[in-house]
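>>> Sequence plus predicted model, see below.
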Amino acid sequence: MTIEPLLQEELQILRDQVRHLQGGMVASADGMVIAHDLRDIEPDGLAALTAAAIGVAQRLTEATGQGTFEESLTRGTSGYIAAYSAGRRAVLTAVAGPDTNVGRLHLQARRAAERIGALVDAAPRQ
């Protein structure tokens, strides 16, 4: 049994809970797409960029004594890209518009990342 339908459901729940969320993706920590609901963004490229950004963020948190990576938020002129650690093997990436309530995004995405991490960690490695 594949976990992709369960991950798709989690992404849809997150979209329903956060206004102005443009899409989400679950990828492996090394940049392989597991599931996504992105419409106008190429998922493979985003997964690779997220893996690179997470690598830098991990080194940054370790170098400054802030522990292990948990999440990252990037703000651009047209919105936000947030990445959340999802268990031991995955990352949840959320793309949101400029009018997104960032506090709500963090609240709901952290919860989703916890559920997604449990699903991915419990699944057999491919």
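Yep, it's here. Numbers count the residues shown, from 1 in each chain.

>>> Please enumerate residues in contact with the helix or strand hosting residue 59?
Counting by DSSP states H and E, the element that carries residue 59 is helix 43-63. Here helix 43-63 makes contact (CB atoms under 8 Å, 6 or more residues apart in numbering) with 25, 27-33, 36, 38, 66-69, 72, 74, 83, 91, 93, 95. All C-beta atoms are positioned from the backbone trio N, CA, C, and that covers glycine.

>>> Show me what counts as buried in the helix or strand following that helix.
Moving toward the C-terminus from helix 43-63, the next helix or strand (DSSP H and E) is strand 71-76. For strand 71-76, a neighbour-count test (16 or more other CB atoms under 10 Å) marks 71-72 as buried.

>>> Let me have stretch 71-78 in CSV, keeping just the CA atoms, if that works.
This file holds the C-alpha atoms of stretch 71-78, laid out as CSV (Å, rounded to 0.1, in the frame of the first residue of the first chain):
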residue,chain,number,x,y,z
GLU,A,71,11.4,24.9,10.0
SER,A,72,12.3,27.7,7.7
LEU,A,73,10.3,30.7,6.3
THR,A,74,11.2,32.7,3.3
ARG,A,75,9.3,35.9,2.4
GLY,A,76,9.3,37.3,-1.1
THR,A,77,7.4,40.2,-2.6
SER,A,78,4.6,37.9,-3.7
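
>>> what is the mean pLDDT for it?
Here stretch 71-78 scores 97 as its mean pLDDT.

>>> Not counting its own residues, what contacts it?
The contact list for stretch 71-78 (CB under 8 Å, 6+ apart) reads 53-54, 57, 80-85, 97-98, 102, 106, 109-110, 113.
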